[in-house]
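Student: Curious how this folds, go ahead:
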Amino acid sequence: MTISRREFIRLMGLAGAAGILPGSVFSAARKPADLYEIPRFGNVCLMHMTDCHAQLNPVYFREPSVNMGVGGAKGQAPHLVGNALLEKFGISPDSIEAHAFTYLNYDKAANQYGRVGGFSHLASLVKRLRAERGDGNSLLMDGGDTWQGSGTAYLTRGRDMVGACNLLGVDVMTGHWEFTYLDKEVISNIGEFKGDFVAQNVGINDEALFDYKFPDFDGFNEDDGLAFKPYTMKEIGGVRVAVIGQAFPYTPIANPQRFIPDWTFGIQDDRMQSVVDTVRENERPDLVVVISHNGMDVDLKMASRVRGIDVIFGGHTHDGVPAPSVIKNKGGKTLVTNAGSNGKFLGVMDLDVRHGKLQDFRYRLVPVFSNLLPADPQMQTYIDEVRAPHKKRLEEKLAVAEETLYRRGNFNGTFDQLICDALRKVNDAQVSLSPGFRWGTTVMPGQDITMDNVMDQTCITYPETYRREMSGADIKAILEDVCDNLFNADPYYQQGGDMVRLGGLDYVCEPNQTFGNRVSEMTLDDGTRVEAGKKYMVAGWATVGSKSPGRPIWDVVADYLRDKKTVKIEKLNTPKLVGVSGNPGIAS
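Tutor: This next block holds a predicted model:
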C-alpha cells in the first residue's frame, strides 16, 4: 500500500500527539507479526494490564458498539466506537488493530484472527519485552479486577489468580472486585501475592480502628488509618519511580459492604494530593505514577485537579484506548491511559526520565492475540493444574450459540438478554433485571456454550437469584438510579458499570436529561404500558444489600440452556434512545 505525502504527515502528527513512535502508527501495511516489534526507547519501561477478570485462557471479546459520553465527555476518548474511534486514532479499517479496538465486522475478523488474551500468551509477551528492555529496566502493574470473573477464581476464592500473577511477575497492583471476597480472604491473598498491593483511598472506620482485626498486616497504617500501603517506591533503570494506588472508590456501593465492613473507600482527591506531595518531598522520585481503578472519566477529572502525577494507568471501565490523553493541571500535565480488559491488551509505556523528571515517552496498547504469541510452557502448566479439578464441570456443553453472544456496551448485549430470558422463564416472571456488569466474554456462532462461558458472565460471590413483586414506580426508580450513575455529567458521580439489563420490558431513554427524567414510556413485551401503581413479578440476581433466597444465577441459566439446546435471541430489550443523534459513542 502506498500513502500520499499528506497522509504520511497526518499520521506522523497523530503519532506525535499520542506520544508514540512512527513505527507504531496504525497502518494497513502492518503485518500481524509486526504488532510485537516495539522499539526500545528511553530508560524506563512501564507495562500495564487491568481488568483481566480471571481469564487464564484465551477468549473471544467483542468491543462495544455503544459507549456514550455526555456533557464534556461527548466525542472524547474513551467514548468513541467503530469508525469514529478508528478515525480519531488513525487506525486503518479492516486491519488487525481495527479488530482489536472496535466491534466492526466482528464475526469475520474474529474468525480470521482468533482468540485474544490468555495468561500463557501474555507471559510470553511480558518476558519478551523485559528481555528486550534489559534486566531491571521494566515494571509490570496490574490495575485490579484480577481475582474475579471465572469459575476457577470463584472456586479458589481468587487464589488461582494470585499464583498466576506471581508467575507473570506483577510488581504492583490495586483492586476492586478483589474486595468482593471476605476481608480475611483479601488479606490472605495479598499475603500470598509477591508484589505490592497499594491503595491510598482505602481507610479503616473509626470503630474498627480501635480494635483492628488485622493488626499484623504489613500494609496496615494505624497513624493514617489506612488498610493498605498508599504507595511503593521502585528503582527502574536507575530511576526512582513512585507508584501510588487508587482502588475503586465506590466498592461498598457497587458491591456488598457486608464482606468488608471495616473498610472505607472514596475518590479522596485531597488525600491523593497529600500523598503525592509527601512522596515528592520525602522520597524525591524522578517519576510519580498512579495505578488506578477509578474508570477513565474519573481519572481524567482527577488528573485535572491533582498536580504532581506524571502518568495515571487506569482501569475499571474496560476501555481499550490506543493513546494517552494529555491533561493540563496547575502542576503541568498528566498522561491518562486505559488498557482494556480480559487480558486482551498490554499497555507498554517507554519513558525517557532524566534530571529528575519525565522528558519524553512512547506508548503502545498492544493487543494480545493467542495465535500470534507462543504459550509460555511454565504458565500453561500452571493453568492446566488450576483447571484440572474443575475441568469436567466447567467444560460441560449446555447448548449451541446460533449468533454471537456478547455483553459489553451501555445497554443489553445478547448474552445479557440470554440471562434475562432465563430468569423470566425459570422463575415465571414478567420482567427480569440483570446488573450492567462490564466483564464477560463472547461466544461465537456455532460454538458450544459451556458452563465455563456461563461462569464467565455470572461468577460473583453474591450470585443468588430472587423473585418478587415490584411496582411500576419501583422499576422506574431502579432504571433512573442506574441511568444517572452512567450518564451523570460529573464523572465523580459515575459509580461504574453499564445500564441494568432488562428482560420483558422496553423503555425510552434520554441520556442528556436530568435525574428522574431520563426514563419514560415503559412497556411490557406485549405492548402493555407499565403503570406506576401496579405490581409486576420481577426476577433478578446479585443483590448488594442482603443475600437473596434463590439459587445461584449460573444454575438458573444452565438449566435454561440445557432445555433450549440452541440459542438465538428472539428479542433484544434495548431502549429507544432520544436526543443522542450524532454522538460518536453510538454505532450508526
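
Student: For the stretch 251-400 of the chain, give me the ranges with low pLDDT.
Tutor: Counting by pLDDT under 70, the stretch 251-400 of the chain contains no low-confidence range.

Student: any chance you could map the helices in it?
Tutor: Counting by DSSP state H, counting those that start in this stretch, the stretch 251-400 of the chain has these helices, from start to end: 251-254, 269-282, 296-305, 377-387, 391-394.

Student: Hmm, Lys127 is touching Asp376, no?
Tutor: Yes - with contact defined as C-beta atoms under 8 Å, Lys127 reaches Asp376; the gap is 6.8 Å. (C-beta placed from N, C-alpha, C; glycine too.)

Student: The two: which has the busier surroundings?
Tutor: Taking other C-beta atoms under 10 Å, Lys127 and Asp376 do not tie; Asp376 has more neighbours (22 against 15).

Student: What separation do you get for that one and Asp270?
Tutor: Asp376 is 43 Å from Asp270, where distance means C-beta to C-beta, to the nearest Å.

Student: Pick out the residue closest to the middle of this structure.
Tutor: The centre of the chain sits closest to His318, judged by C-alpha atoms, centre = their mean, with a distance of 3.2 Å.

Student: mind listing what the residue nearest to that one when sequence neighbours are not counted touches?
Tutor: Spatial nearest neighbour of His318, chain neighbours left out: Ser341 (3.8 Å); criterion: C-beta to C-beta, 6 or more residues apart in numbering. Listed by C-beta atoms under 8 Å, 6 or more residues apart in numbering, the contact partners of Ser341 are Thr50, Asp51, Cys52, His53, Phe61, Asp145, His318, Gly320, Arg438, Trp439.

Student: and what of Gly42?
Tutor: Gly42 is in contact with Asp350, Leu351, Asp352, Val353, Gln359, Asp360, Phe361, Arg362, counting by C-beta under 8 Å, 6+ apart.

Student: doesn't Phe41 make contact with the last one?
Tutor: In this case it means Arg362. Yes - in this structure Arg362 lies within contact range of Phe41 using C-beta under 8 Å: 4.6 Å.

Student: If you count surrounding residues, which of these two has more?
Tutor: Arg362 (23 against 18).

Student: Okay, that one and Ile38: tell me how far apart.
Tutor: Taking C-beta to C-beta, one finds Arg362 at 8 Å from Ile38.

Student: what about the residue nearest to Leu486 when sequence neighbours are not counted, how many residues close to it?
Tutor: Excluding the flanking residues, the one nearest Leu486 by C-beta to C-beta, 6+ apart is Met499, at 5.7 Å. The number of residues packed near Met499 is 24, by other C-beta under 10 Å.

Student: Let me know the helix or strand that Met499 is in.
Tutor: Using DSSP states H and E, Met499 is not contained in any helix or strand.

Student: hang on, it packs against Gly436?
Tutor: Yes - taking contacts as C-beta under 8 Å, Met499 lies within contact range of Gly436: 5.0 Å.

Student: Show me whatever sits in contact with both of these two.
Tutor: Asn410, Val482, Leu486.

Student: Wait, Ala303 touches Ile327, no?
Tutor: Yes - in this structure, Ala303 is within contact of Ile327 by C-beta under 8 Å, at 3.9 Å.

Student: ok, these two, which is more surrounded?
Tutor: Ala303 (24 against 19).

Student: returning to that earlier point: tell me how far the residue nearest to His318 lies from Phe197.
Tutor: For Ser341, the distance to Phe197 (C-beta to C-beta) stands at 20 Å.

Student: before we move on, the earlier item: my guess is the residue nearest to the centre of the chain contacts Phe61, does it?
Tutor: No - counting by C-beta under 8 Å, His318 does not reach Phe61; the two are 9.3 Å apart.
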